[in-house]
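> Sequence below, structure please.
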Amino acid sequence: MELIAKKRLQLYAGRSHPELAEDIAAHLGVPLGATNLSNFASGEIHCRFGESVRGTDVFIIQTHCAPVNDSIMEQLIMIDAAKRASAKRITAVCPFYGYSRQDRKATGREPITAKLVADMLRTAGANRVVSVDLHSGQIQGFFDGPVDHLTAMPVLIDYVRAHAEGDTVIVAPDAGRVKVAERFSQHVHADLAFVNKRRPKGVANAVEARDVVGEVEGRRCIIIDDMIDTAGTICAAADILVEHGATDVWAMATHPVLSDPATDRLKNSVISRVVVTDTLPLPDERRIDKLEVLSVAKIVADALDAVFEDTSVSEIFGGDNLS
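You can find the predicted model right below:
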């Protein structure tokens with residue numbers, strides 16, 4: 001007897017960011033499956049898929065937003081449920097990857113939690129991971145299986161081309177983001193600058209901007225970063241850019257973490273426009289007037305389609321997703 005295998009794609013999502021999951025599903029033309037997630041009185045999470053996943057290509061979408069530990073655990077439970085239900089291949093889709101900043105030991109006796117999260121995803125049963133703009137490219141090496149590292153750069157570049165008229169400089173808020181900012185500046189044909197910053201030792205969420213390398217006087221400056229958490233780095237960079245003569249300052253980032261006091265800092269800062277993407281949900285109280293949110297749903301959907309069809313993901317980005 002000869003059987004011709006028929007590939008099937010099934011898409012599931014956790015409860016952390018249902019709007020993004022629905023947008024991804026709409027771009028793929030695939031309905032979101034029923035996960036039937038619930039919590040017991042003790043707080044434990046339960047999952048039961050509403051249809052058979054045997055022999056299918058399962059994609060489980062969960063962005064690791066606050067409460068981050070609950071988001072990660074919920075995704076692990078969904079992955080385990082799919083593995084035990086005989087899914088053929090399981091892809092963990094993490095638009096925002098939790099604990100990504102803990103990717104190395106900065107001092108003694110510290111964990112490398114980004115590696116721990118990778119190990120947990122693999123142990124739960126994920127064969128592949130898809131994420132957007134990891135904090136550092138080397139996190140891909142923490143996984144034993146394939147990782148598709150996507151970037152929101154095309155969405156942000158399109159926005160700059162459409163809205164940033166006149167003399168513009170792309171600014172890296174610290175030395176670690178220079179490579180990304182340089183790539184961005186090449187696409188929009190703008191000059192590059194970067195801010196020299198220092199974090200006071202032993203003080204969390206504090207940053208000092210010391211100097212600017214590059215010509216910013218009389219020009220619009222667009223600060224590029226992977227995330228805005230407490231907004232300390234972005235606001236300190238904006239202040240020193242204005243001190244050096246910048247006429248206008250924008251901030252652009254992929255992940256709007258916006259932990260307190262980020263909203264107040266941005267609202268009261270010299271930054272005139274904050275552009276982020278929807279990799280993380282944003283409650284209404286954090287949507288200040290100067291904030292604009294762009295969608296990455298199509299980018300993620302195109303990547304998932306390429307994974308399912310076994311075609312190239314990097315070709316979608318022209319190689320710009322490779323760190």
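> Run through this structure and note the low-pLDDT ranges.
Where the chain drops to pLDDT under 70, the residues are 1-5, 197-209, 319, 322-323.
> The same query, at a cut-off of 80, please.
1-5, 197-210, 319-323 (pLDDT under 80).
> My reading is that Gly141 lies in a helix. Confirm?
Yes: assessed by DSSP: H, G, I helix; E, B strand; the rest coil, Gly141 belongs to a helix.
> Now do it against Thr279, distance only.
22 Å (Cβ to Cβ, to the nearest Å). The C-beta positions use only the backbone N, C-alpha and C, and glycine is treated the same way.
> all strands for the stretch 51-200 of the chain, in order.
Here the stretch 51-200 of the chain has its strands, by DSSP state E, counting those that start in this stretch, at 57-61, 89-94, 128-132, 147-150, 168-172, 191-198.
> quick one on the thing from earlier: tell me which of Gly141 and Thr279 has more neighbours.
Using other Cβ atoms under 10 Å, the more surrounded residue of Gly141 and Thr279 is Thr279, with 30 against 11.
> Number of residues surrounding the residue nearest to that one when sequence neighbours are not counted?
Leaving aside its sequence neighbours, Thr279 sits nearest to Pro95 (Cβ to Cβ, 6 or more residues apart in numbering; 4.0 Å). Neighbours of Pro95 under the rule other Cβ under 10 Å: 30.
> what does Arg183 give?
18.
> what residues are up against the nearest residue to it once chain neighbours are set aside?
On the basis of Cβ to Cβ, 6+ apart, the spatially nearest residue to Arg183 that is not a chain neighbour turns out to be Asp320, at 6.2 Å. Contact analysis of Asp320 by Cβ atoms under 8 Å, 6 or more residues apart in numbering lists 151, 153-154, 183.
> now, the most widely separated pair of those residues?
Greatest spatial distance in the contacts of Asp320: Pro154 and Arg183, 11.6 Å, computed using Cβ to Cβ.
> after the helix or strand where Leu266 lies comes which helix or strand?
Per DSSP states H and E: Leu266 is located in helix 262-267. With elements assigned by DSSP H and E, the helix or strand that comes after helix 262-267 is strand 273-277.
> now that next one and strand 128-132, what's the angle there?
170 degrees (axes from the mean of the first three to the mean of the last three Cα atoms, to 10 degrees).
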